[in-house]
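S.K.: this is a predicted model, with the sequence first.
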Amino acid sequence: MSNSIEHSSLMLQRSVEVEIDCSVQQVYDLWENLENVPRWMPLVKSVRRLRGDEELWHWTFGLGFPLLIEWTSRITQRIPLQLIAWSSVSGLSNQGSAEFFPTERGCRLRLTLAFSLPGGIVGAFLENIGLDRWLEANLKESLNRFQSQIEAEVLRQNVI
């Protein structure tokens with residue numbers, strides 16, 4: 001399989017973590033189906049599994065038309081209750097992983113995303129406007145939203 005990342009581009013990578021008051025199993029189960037991701041990541045408009053290959057996923061990301069980016073990613077590694085990793089195979093060059101660690105409280109989730117930035121003046125402009133800080137803040141906000149949603153869902157299930 002060829003690597004879709006161009007050598008002339010810069011890679012922007014950020015990792016964020018959140019402690020969740022739920023079991024690793026509960027957290028992993030929600031992440032395992034990537035179609036759930038738009039529930040807590042507002043800029044991810046849709047994620048859908050492609051027919052014929054359960055490891056291929058089509059992503060739509062952005063603020064809305066015409067500011068939308070699409071790509072297809074493949075799950076590159078899946079270790080139940082520990083790791084889900086993916087890498088783009090077409091469209092926006094990116095890769096990421098969700099890692100799950102048991103804690104006394106429940107689960108620590110680490111989300112890592114990396115995107116290829118274009119080279120030259122466009123890449124320099126994106127770096128200068130603080131795209132890295134924006135990405136990190138957006139990821140933290142999304143993981144906090146995920147934490148609130150899953151903890152509320154698990155609490156509701158335990159009450160019933």
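M.R.: Alright, I've got the coordinates. Numbering: from 1, shown residues only.

S.K.: do a quick rundown of the helices in the protein.
M.R.: Taking DSSP state H, the helices of the chain run over residues 24-32, 120-128, 131-159.

S.K.: the ones you listed: which one's closest to Ser46?
M.R.: Closest approach to Ser46 among these (CB to CB): helix 131-159, 15.3 Å. Heads up, the C-betas are built off the backbone N, CA and C, glycines and all.

S.K.: pull out the buried residues from that closest one.
M.R.: Leu135, Glu136, Asn138, Leu139, Ser142, Leu143, Phe146, Gln147, Ile150, Val154 (16 or more other CB atoms under 10 Å).

S.K.: who are the contact partners of the nearest residue to the second one once chain neighbours are set aside?
M.R.: Leaving aside its chain neighbours, Glu136 sits nearest to Arg14 (4.6 Å; criterion: CB to CB, 6 or more residues apart in numbering). Listed by CB atoms under 8 Å, 6 or more residues apart in numbering, the contact partners of Arg14 are Thr112, Leu113, Ala114, Asp132, Leu135, Glu136, Leu139.

S.K.: among the residues you listed, which one has the lowest pLDDT?
M.R.: The lowest pLDDT within these belongs to Asp132, with 77.

S.K.: which residue packs closest to it, ignoring adjacent ones?
M.R.: The shortest distance from Asp132 to any residue other than its chain neighbours is 5.7 Å, reached at Leu12 (CB to CB, 6+ apart).

S.K.: tilt between the longest strand along the chain and helix 24-32?
M.R.: Using DSSP state E to define each element, the chain has its longest strand at strand 67-79. Using axes from the mean of the first three to the mean of the last three CA atoms, to 10 degrees, one finds that strand 67-79 and helix 24-32 are set 140 degrees apart in direction.

S.K.: pairing partners for strand 67-79, with directions?
M.R.: Note on strand 67-79: by DSSP bridges, its sheet partners are strand 56-64 (antiparallel), strand 83-91 (antiparallel).

S.K.: which of those strands sits closest to Met41?
M.R.: For Met41, the closest of the strands paired with strand 67-79 is strand 56-64, at 8.6 Å, according to CB to CB.

S.K.: list the buried ones in the closest one?
M.R.: Taking 16+ other CB under 10 Å as the neighbour-count basis, strand 56-64 is seen to contain the buried residues Leu56, Trp57, His58, Trp59, Thr60, Phe61.

S.K.: just the residues you listed now: which is nearest Trp71?
M.R.: Using CB to CB, Trp59 is the member of the buried residues of strand 56-64 that sits closest to Trp71, with 5.3 Å.
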